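Participant: structure for the following, please:
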Amino acid sequence: MSEPYYAPQVVLTLLRYVKGWWAKLLFGIRSHFYDLKYYPCTEDQLETFLKYWRREVLPELAYTPERFDCEDFAFLFKALLVKHTGANCGFFSGGAIFEDDSYLGNHGYICVLLPSRVVFVEPQIGEILEDCDARIYAPDINWEYRLLWVVG
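Facilitator: Purely as a prediction, here's the structure:
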């Protein structure tokens with residue numbers, strides 16, 4: 001198992017994805033860490049889990065506005081990721097979605113700690129989001145995910 005990240009290291013790692021001084025300050029205030037140490041999963045573990053998620057879990061789930069929506073997909077993904085990897089590597093991520101700098105709404109998704117980096121996952125499609133110079137995008141659409149806080 002890889003060396004753990006301590007909670008302050010997680011904050012510093014994720015701050016690169018938060019734009020602006022006030023946003024960084026609010027990120028620290030809004031985020032909550034239940035553990036002192038966070039153990040990353042490997043890229044292979046994440047890929048194996050994503051295949052399981054897409055094959056076994058997603059077909060059984062139905063998006064239902066206000067009843068089973070983005071945050072519910074994210075909470076379930078986080079819990080099953082930890083169960084399957086044995087590492088507390090996932091964080092519920094709260095953020096805002098923008099398209100061409102137009103605010104579309106708030107959104108729940110996942111941040112996953114790997115040994116040498118973090119990745120963001122959109123649980124509703126089971127895909128890793130694209131990291132373009134610390135700007136996070138959904139594959140195949142022009143949505144930018146702006147990180148506001150995490151819970152781990």
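Participant: strands of this structure, residue ranges please.
Facilitator: In the chain, strands defined by DSSP state E lie at 5-6, 37-38, 90-99, 102-113, 118-122, 127-128, 130-132, 135-137, 143-151, listed in chain order.
Participant: low-scoring stretches of the protein, by residue?
Facilitator: Within the chain, the stretches with pLDDT under 70 are 1.
Participant: longest helix of this structure?
Facilitator: If you go by DSSP state H, the chain has its longest helix at helix 70-85.
Participant: okay, buried residues for it please.
Facilitator: Going by neighbour count (16 or more other CB atoms under 10 Å), the buried part of helix 70-85 is 70, 72-75, 77-78, 80-82, 85. (Glycine included, C-beta is placed from N, CA and C.)
Participant: quick check: closest non-adjacent residue to Leu46.
Facilitator: Distances taken as CB to CB, 6 or more residues apart in numbering place Val112 nearest to Leu46, at 5.9 Å, with adjacent residues excluded.
Participant: okay, now Cys41: neighbour count?
Facilitator: Cys41: 25 surrounding residues under other CB atoms under 10 Å.
Participant: does it touch Lys83 like I think?
Facilitator: No - if you go by CB atoms under 8 Å, Cys41 and Lys83 don't touch, sitting 11.6 Å apart.
Participant: tell me the contacts of Asn142?
Facilitator: 99-100 (CB atoms under 8 Å, 6 or more residues apart in numbering).
Participant: next, the contact list for the residue nearest to Leu46, please.
Facilitator: By CB under 8 Å, 6+ apart, Val112 lies in contact with 41, 46, 81, 89-91, 118-121.
Participant: please apply the same query to Ile97.
Facilitator: Counting by CB under 8 Å, 6+ apart, Ile97 makes contact with 103-107, 143-146.
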